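A.B. asks: Build me a structure from this.
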Amino acid sequence: MKPLCALLLTILVLTPAWSRQKEIPTIRAEVKSAFVWGEDSPSGAVSSSIQDPLTGHTIHRLTYGGVEVSSRMGFEGLEEGTSLLNYSITVVNSTGSSLTVRYGGITVDGRLGSPLLVVPPGRQVTKNERMKEDVAELKKMHCVTSGFLPVGNLFSAATSSKPLTVSPGTALTVSSIIRDPRSYHSILCSVGGCSPTGTMRYYLTVGSQDYVFVWPGRSAIYCGK
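C.D. replies: Okay, here's the model as predicted:
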């Protein structure tokens, strides 16, 4: 079985809300080649959390066989009543071979999200793009302009199918942006601040392994303004 199908199943089966969405068909398959953050792996994958020494934000990390994959989760867009969710993953390759990194997928409370069409700061959105795609204009995203979200390598609607390469002894950071796919208001605010409700699950395929990260909405960092 291809890792993509296996990992998508892992993401969706772990979400209780998935079973309540009658309009989405059930997928049955055997799960293989998946490392899930926070779960023990008989193959030796190790989960851990660290604090970013500069910001104090939590970073989730999965380590296996000379490969370290770490992730962060952020969001913005409170004023619109919806939110743009973003995540970044850093792959450190300490093996002796090059690794491919492929886009996997993301669900929010069982609803599948898709990468937005990313428009770089120096270019205007065309009318055709505006009509056909859900667009993320980087120059208007505070998570980008503040430096929270690295955009050197971005999986977008136009590039999500293109693999990236991590050479031996190097690291690569890749990011993606989605619009919260839920139709209801999904931001909860209190005296302690605002955060998305529910749970986000996303993964990337590194080499032949899928790395799944699970983030409660309350753990996402608000990088808006």
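A.B. asks: Please, which helix or strand holds Leu204?
C.D. replies: According to DSSP states H and E, Leu204 maps onto strand 199-206.
A.B. asks: Quick one: mean pLDDT over that strand.
C.D. replies: Mean pLDDT, computed over strand 199-206, is 95.
A.B. asks: For the very next helix or strand once past that strand, which helices and strands make contact with it?
C.D. replies: The helix or strand immediately downstream of strand 199-206 is strand 209-216, counting by DSSP H and E. In terms of contacts (3 or more Cβ pairs under 8 Å, 6 or more residues apart in numbering; DSSP states H and E), strand 209-216 is packed against helix 3-13, strand 34-36, strand 58-64, strand 67-76, strand 84-93, strand 199-206. Every residue, glycine included, has its C-beta placed from N, CA and C.
A.B. asks: picking that back up, show me what the strand holding Leu204 pairs with in its sheet, parallel or antiparallel.
C.D. replies: The strands that strand 199-206 pairs with in its sheet are strand 99-108 (antiparallel), strand 209-216 (antiparallel) (by DSSP bridges).
A.B. asks: C-alpha coordinates for the longest one, CSV please?
C.D. replies: Read that as strand 99-108. The C-alpha coordinates for strand 99-108 follow below in CSV (Å, rounded to 0.1, in the frame of the first residue of the first chain):
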residue,chain,number,x,y,z
LEU,A,99,15.7,12.3,1.1
THR,A,100,12.6,13.3,-0.7
VAL,A,101,9.9,15.3,1.1
ARG,A,102,6.4,15.2,-0.2
TYR,A,103,3.2,16.9,0.8
GLY,A,104,0.8,14.7,2.7
GLY,A,105,-2.5,16.1,3.9
ILE,A,106,-4.3,17.9,6.8
THR,A,107,-7.6,17.4,8.5
VAL,A,108,-9.3,19.7,11.0
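A.B. asks: Quick one: list the elements packing against the very next helix or strand once past that strand.
C.D. replies: Once the chain leaves strand 99-108, the next helix or strand it forms, by DSSP H and E, is strand 111-113. With contacts taken as 3+ Cβ pairs under 8 Å, 6+ apart, strand 111-113 sits against strand 99-108.
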